[in-house]
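Q: next come a sequence and a model predicted from it.
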Amino acid sequence: MVSNHIYSEIRKIKEYAVDNNIPIMVDDGIDFLTTFIIKNQIENVLEIGTAIGYSAIMMALANPNVKITSIERDEKRYMEAVKNIKLFNLEDRITLIYNDALNIKIEGQFDLIFIDAAKGKNIHFFEKYKTNLAKNGFIITDNMKFHGYVDKDENEIKSKNLRGLVRKIKDYQKFLEENKEYKTMFYNNIGDGIAVTTKND
Ligand code: SAH
Ligand code: MG
């Protein structure tokens, strides 16, 4: 595919996401993630939360050595991701799994685990998948700010569900901050808030 074609296909995926209310990573979040992959010579990624394959495709395009395994539980999104990954001829580097990430076991070690699924379950994803983290690997979590709601006064958040979700993100932040085995850097001003976690030696 010539690069102009790639850009127009990426634009189409982004438009589909907007039209269908699919929360794909924002541009500076994606820039951070792809730069991170290049800088740290990441080769094996486990992604929790494929949606329609946008972030997986962007990670794969960042470095031709990158292989990605990505999990999605929503059938329609999974099908759309399958289609998009075919479009980019990335089937040999992106493996899609249609399942609930909390119900399956993944074999192998990954030098990057990207958590971008149900925000209220971050602690569960972290605890489950930390055993798949390669030595000196990274766990990156997206949406630590959750569209700015995490910084809002709780009284300003009218929806009870949303308040519960925000509380869980705060609990996860605390869990990361207080974790004795792992160290986390919080990039609050990048994208929707990104956390980068490494295991202590
Ligand atoms: N990483 C994508 C966006 C993911 S949106 C991108 O930036 O392009 C979050 C996705 O996680 C949703 O599609 C949702 O269906 C999925 N998800 C939520 N909880 C999940 C779970 N337990 N297992 C698998 N997928 C999950
Ligand atoms: Mg996200």
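A: Sure thing, it's come through. Ligands and ions are numbered 1, 2, ... in the order given.
Q: for this protein, which spans come out with low pLDDT?
A: 1-2 (pLDDT under 70).
Q: ok, now which ones touch residue 44?
A: By CB atoms under 8 Å, 6 or more residues apart in numbering, the contact set of residue 44 is 66, 67, 68, 69, 108, 109, 110, 111, 112, 134. (C-beta placed from N, C-alpha, C; glycine too.)
Q: what number of residues lie near the fourth one?
A: It stands for residue 69. 21 (other CB atoms under 10 Å).
Q: give me the contacts around the host helix or strand of it.
A: Taking DSSP states H and E as the criterion, residue 69 maps to strand 67-72. For strand 67-72, the surrounding residues in contact (CB under 8 Å, 6+ apart) are 43-51, 53, 56, 59-60, 78, 81, 93-99, 101, 104, 106, 108, 110, 117.
Q: mind listing what's buried in the longest helix belonging to the chain?
A: Assignment by DSSP state H gives helix 160-178 as the longest helix of the chain. By neighbour count with 16 or more other CB atoms under 10 Å, helix 160-178 contains the buried residues 163, 165, 166, 168, 169, 172, 173, 176.
Q: name the nearest of these relative to ligand 2.
A: For the buried residues of helix 160-178, the closest approach to ligand 2 (CB to the ion) belongs to residue 169, at 11.7 Å.
Q: so who does that closest one touch?
A: 119, 120, 122, 143, 144, 146, 150.
Q: on the three-state scheme, the second one is what?
A: Of the three states, residue 120 takes helix according to DSSP: H, G, I helix; E, B strand; the rest coil.
Q: what's the longest strand in the protein?
A: strand 133-141 (DSSP state E).
Q: what residue in the chain comes nearest to ligand 2?
A: residue 142 (3.6 Å).
Q: I figured that residue hits residue 115, correct?
A: Yes - here residue 142 reaches residue 115: they are 7.1 Å apart, a contact under CB atoms under 8 Å.
Q: and the helices in this structure?
A: 3-19, 27-39, 54-62, 75-87, 122-129, 160-178.
Q: export these as TSV, with columns for distance to residue 189.
A: Formatted as TSV, these follow (distance: least, CB to CB, whole Å):
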stretch	distance to residue 189
helix 3-19	22
helix 27-39	9
helix 54-62	19
helix 75-87	28
helix 122-129	20
helix 160-178	15
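Q: got the ones you listed as TSV, with distance to ligand 2 columns?
A: Converted to TSV, the helices of the chain look like this (distance: least, CB to the ion, whole Å):
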stretch	distance to ligand 2
helix 3-19	11
helix 27-39	7
helix 54-62	8
helix 75-87	13
helix 122-129	11
helix 160-178	12
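Q: most tightly packed of those?
A: Of all those, helix 54-62 has the most neighbours on average by mean count of other CB atoms under 10 Å, namely a mean of 22.
Q: could you list every helix and strand in contact with that one?
A: Applying 3 or more CB pairs under 8 Å, 6 or more residues apart in numbering; DSSP states H and E, we find helix 54-62 packed against helix 3-19, helix 27-39, strand 44-48, strand 67-72, helix 75-87, strand 94-98.
Q: sorry, back to before: quick check on the contacts of strand 67-72: which are buried?
A: 44-51, 53, 56, 59-60, 78, 81, 93-94, 96-97, 101, 106, 110, 117.
Q: fine by me, thanks again.
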